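Asks: kindly generate the corresponding structure for this input.
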Amino acid sequence: MVLDIIKYGEKDSNKLRLKNIDVIKENISLNKLISDMFETLDHGGGVGLAAPQVGHNLNMFIVKTPNFTEVFINPEIKLEGMLVQTKEGCLSFPNLEFPVDRYNKLQIRYFDRNWTLRLTEHKDMMAIILQHEYDHLKGKLIID
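Replies: All right, here's what the predicted structure looks like:
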């Protein structure tokens, strides 16, 4: 099911600024939410989507590019490398781009959709995408 994406400045956009809670393994509706988020992402044309963007106050996001698909549950990141300026869009800011400073390398620790603990390193564009989605979990937007 395609979910409604919360747009900045519209009804319920205050939910984009909330501190989110960790996902618990016993969340019986998690697989349905993950499937719905991927369907929403495919419909919306982005590369990442965070649970708060679809009204769920959870520390979880998904990423889907032509070469990479993953679910990130309760992620923690360690930023590395150097700062680079990028231009980013966001499904909560349709048809807009903003300049954002991001690190070009990071490590991320998270649970995947099977609750396997992962520690991975990413650089360049993937590091930027992950930072963008992680920021959503902290209530930070590309305009901040």
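Asks: where's residue 134 relative to residue 4, distance?
Replies: Here residue 134 is placed at a distance of 22 Å from residue 4 (CB to CB, to the nearest Å). Heads up, the C-betas are built off the backbone N, CA and C, glycines and all.
Asks: likewise residue 100?
Replies: Distance from residue 100 to residue 4, by CB to CB: 25 Å.
Asks: more crowded one of these two?
Replies: Between residue 100 and residue 4, counting by other CB atoms under 10 Å, residue 100 is the more crowded of the two (19 against 12).
Asks: mind checking pLDDT for that one?
Replies: Note on residue 100: pLDDT of 96.
Asks: name the nearest residue to it, ignoring sequence neighbours.
Replies: residue 88 (4.9 Å; CB to CB, 6 or more residues apart in numbering).
Asks: buried stuff in the helix or strand containing that neighbour?
Replies: In this structure, residue 88 sits in strand 68-90 according to DSSP states H and E. Within strand 68-90, the residues that count as buried by 16 or more other CB atoms under 10 Å are 70-75, 77, 86, 88-90.
Asks: now the angle from the helix or strand following it to strand 68-90?
Replies: Downstream of strand 68-90, the next assigned helix or strand under DSSP H and E is strand 93-111. For strand 93-111 against strand 68-90, the angle by axes from the mean of the first three to the mean of the last three CA atoms, to 10 degrees is 140 degrees.
Asks: the very next helix or strand once past strand 93-111 to strand 93-111, inter-axis angle?
Replies: Tracing the chain past strand 93-111, the next element assigned as helix or strand by DSSP H and E is strand 117-123. Put simply, strand 117-123 runs at 130 degrees to strand 93-111, going by the same axes, to 10 degrees.
Asks: and strand 117-123, which strands flank it?
Replies: With DSSP bridges as the test, strand 117-123 is paired with strand 93-111 (antiparallel).
Asks: alpha carbons of the strand it pairs with, as PDB, please.
Replies: Only the C-alpha atoms of strand 93-111 are listed here, as PDB (Å, rounded to 0.1, in the frame of the first residue of the first chain):
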ATOM      1  CA  PHE A  93      10.100  18.800   0.000                       C
ATOM      2  CA  PRO A  94       8.900  17.800  -3.400                       C
ATOM      3  CA  ASN A  95      10.600  19.500  -6.400                       C
ATOM      4  CA  LEU A  96      13.100  21.400  -4.300                       C
ATOM      5  CA  GLU A  97      16.800  21.000  -3.700                       C
ATOM      6  CA  PHE A  98      18.900  22.500  -1.000                       C
ATOM      7  CA  PRO A  99      22.700  22.700  -0.400                       C
ATOM      8  CA  VAL A 100      23.800  20.500   2.400                       C
ATOM      9  CA  ASP A 101      27.200  19.800   4.000                       C
ATOM     10  CA  ARG A 102      27.800  16.000   4.400                       C
ATOM     11  CA  TYR A 103      30.700  13.800   5.300                       C
ATOM     12  CA  ASN A 104      31.900  11.700   2.400                       C
ATOM     13  CA  LYS A 105      32.400   8.500   4.500                       C
ATOM     14  CA  LEU A 106      30.700   6.800   7.400                       C
ATOM     15  CA  GLN A 107      30.200   3.600   9.400                       C
ATOM     16  CA  ILE A 108      26.700   2.500  10.200                       C
ATOM     17  CA  ARG A 109      25.600   0.000  12.800                       C
ATOM     18  CA  TYR A 110      22.100  -1.300  12.400                       C
ATOM     19  CA  PHE A 111      19.700  -4.200  12.300                       C
END
